[in-house]
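Asker: Next one to model:
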Amino acid sequence: MSQENVELIRRSAEAFSARDLDSYISEFIAPDVEWHTAAEDPDAATHHGQEEFRRYVERWKDSFEDLQAELVECLDTDDDRVFTWVRWTGRGRTSAVGADWHLAIVYTVEDRQIIGGQEYFDRREALESVGL
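Answerer: Down below sits the predicted model:
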């Protein structure tokens, strides 16, 4: 099942990059999703449900012009979680400053939907969280 989860996350990344947030959420995100932003994030929070998750993603995308996500690494963890290492690029909408950073996201998958996400700025911490 875990390889299927990896493929699901790869397809979800493609849908996210296609910039159709409605399709991305309806196809891949569970209605009761629980999404945790990185603890170091100034706006660290847990977002419950599709609508809170949507608002979080919309605020994030609205902060950048031409926000792009490149799935650099996607690893099976032998359970219901998938480790990803994602490169994000864009330009700050108000500052016009270029941005280029990496973020680890550990997805939890159940019944072919993403039921949870945990963001990490520290790759090693994310890998340790899933036993890799």
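Asker: quick one: low-confidence ranges for this structure?
Answerer: For the chain, the stretches flagged by pLDDT under 70 are 1.
Asker: Tell me which residue lies nearest the centroid of the protein.
Answerer: The centroid of the chain falls nearest to residue 105 when counting by C-alpha atoms, centre = their mean (5.4 Å).
Asker: Which strand or helix spans it?
Answerer: strand 98-110 (DSSP states H and E).
Asker: gap between that strand and the chain center?
Answerer: 5 Å (C-alpha atoms, centre = their mean, to the nearest Å).
Asker: got it, and stretch 88-104?
Answerer: The answer for stretch 88-104 is 16 Å, by C-alpha atoms, centre = their mean.
Asker: Check stretch 102-113 too.
Answerer: Offset of stretch 102-113 from its chain centre (C-alpha atoms, centre = their mean): 7 Å.
Asker: mind listing what's buried in it?
Answerer: By neighbour count on 16 or more other C-beta atoms under 10 Å, the buried set for stretch 102-113 is 103-109, 113. In this view, the C-beta of every residue, glycine as well, is placed from N, C-alpha and C.
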